[in-house]
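J.: Model the structure of this input:
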Amino acid sequence: MSDNEYNIESADAGASATIPMEAGQIKKGGFIMIKGKPCKVLSISVSKTGKHGHAKCNFLAVDIFTGKKLEDMVPSSHGTTVPVVVRSEWEIIDIGDDDELTLMDEGGDQKTDVNLPGYPENMAQEIRDAWNDGENQVSVTVQAAVGIEQVIAYKKVAE
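T.: Purely as a prediction, here's the structure:
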């Protein structure tokens with residue numbers, strides 16, 4: 001075997017992007033996967049145990065990346081999947097012409113694979129205005145789930 005046969009691009013612990021959870025354990029404000037999309041639960045209504053013995057949970061949730069409302073009904077004792085959602089704070093170093101952000105965290109690590117958000121519609125322009133071609137310091141909150149990363153909030157850092 002030669003040395004150039006193995007090319008390991010990234011090293012992670014192989015953790016899953018979702019975890020299994022019983023539908024009855026999911027609470028309002030928590031996260032759930034509906035139709036393959038990571039969603040934040042807005043409301044849950046539980047129907048009574050019926051003729052076949054299962055109470056059903058009716059979830060009304062909103063996609064955390066697009067804001068689209070989704071609904072799902074799962075028997076409360078059955079398993080469903082919950083996305084692993086991670087939020088991190090980054091400072092904007094540069095905004096490219098194609099809306100690509102260059103970000104840096106407190107440890108000095110840089111990230112260039114995040115673009116300005118498409119949802120809500122006006123947030124991308126608000127971030128550009130706040131940043132003002134590097135005149136102001138702007139920090140953004142990046143939310144990551146199921147392999148997708150998106151800016152969900154920003155704030156101007158006081159000098």
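J.: Spell out the residue ranges of the helices in the protein.
T.: 123-131 (DSSP state H).
J.: Low-confidence stretches in it?
T.: The model of the chain has pLDDT under 70 over residues 1-15, 158-159.
J.: at 80 instead, please
T.: Residue ranges of the chain with pLDDT under 80: 1-16, 49-53, 133-135, 157-159.
J.: Strands along the protein, start to end?
T.: If DSSP state E is used as the criterion, the strands of the chain fall at 18-22, 31-34, 37-46, 56-63, 69-75, 79-83, 86-95, 100-104, 110-115, 137-145, 148-157.
J.: Now do the buried residues in the fifth one.
T.: Right, the one you point to is strand 69-75. For strand 69-75, the neighbour count (16 or more other CB atoms under 10 Å) marks 70, 72, 74-75 as buried. No exception for glycine: its C-beta is placed from N, CA and C like everyone else's.
J.: quick revisit: out of the strands of the chain, which comes closest to residue 123?
T.: With CB to CB, the closest approach to residue 123 among the strands of the chain belongs to strand 148-157: 7.4 Å.
J.: need the contact list for residue 63.
T.: 37-39, 69-70 (CB atoms under 8 Å, 6 or more residues apart in numbering).
J.: Just flag the most distant two among those.
T.: Pairwise distances among these were taken by CB to CB; the largest, 13.8 Å, belongs to 38 and 69.
J.: how much space between the closest residue to residue 131 other than its chain neighbours and residue 23?
T.: Spatial nearest neighbour of residue 131, excluding adjacent residues (CB to CB, 6 or more residues apart in numbering): residue 138 at 4.7 Å. Residue 138 sits 40 Å away from residue 23, going by CB to CB, to the nearest Å.
J.: who touches residue 31 in this structure?
T.: Neighbouring residues of residue 31 by CB under 8 Å, 6+ apart: 38-41, 64, 82-83, 85, 145.
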